[in-house]
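# Structure of the sequence below:
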Amino acid sequence: MDSAFVCDRKIFSYIYELESRRSDRDWASTFVSRIKIEAEEASESKGGEAGSNLLDILRTKLRNGDVVCQLDDDQYAIILYDINSNDTASVMDRISNYYLEGNSNLKNKLEIDYQKLA
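Modelled structure (predicted):
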């Protein structure tokens, strides 16, 4: 199965804690990202179809072993393994592009941030 691991908040928090501990002694860098769907208009839904589409993109376009968690209707957390800052930026750009291509009928945008797991 070549897809990201999708889990709930509780499992994600355990994985995050484990990877935080591991990062103290491991040479490979790990990044954590947050993606939020931003609606341009207050009446526009942030979750629903847009959220489902984003989750499908994250599941299928990230690497096997990367971890994805849907925090709420419009927000996702991701753990990316063995990656540097430049490559993380490229991955997030690709995710954003896939999302915009697949949701051209929606006026939602993605707010993306990431940081190295310390």
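# where in the chain is pLDDT low?
Scanning the chain with the threshold set as pLDDT under 70 gives 1, 26, 40-47, 104-106.
# could you redo the last one with a cut-off of 90?
Within the chain, the stretches with pLDDT under 90 are 1-2, 20-28, 38-53, 73, 100-109, 117-118.
# Mind giving me the packing neighbours of the lengthiest helix in the chain?
Counting residues, the longest helix found in the chain (DSSP state H) is helix 85-102. Secondary-structure packing of helix 85-102 (3 or more C-beta pairs under 8 Å, 6 or more residues apart in numbering; DSSP states H and E): strand 31-38, helix 48-61, strand 109-116. Heads up, the C-betas are built off the backbone N, CA and C, glycines and all.
# Look at residue 53 and say how many residues are nearby.
17 (other C-beta atoms under 10 Å).
# pretty sure it contacts residue 100?
No. Checked against C-beta atoms under 8 Å, the pair residue 53 and residue 100 is beyond contact range at 10.6 Å.
# Contacts only, for the closest residue in space to residue 71 that isn't next to it in sequence.
Closest residue to residue 71 apart from its sequence neighbours, by C-beta to C-beta, 6 or more residues apart in numbering: residue 77 at 5.6 Å. Applying C-beta atoms under 8 Å, 6 or more residues apart in numbering, we find residue 77 in contact with 12, 32-34, 68-69, 71.
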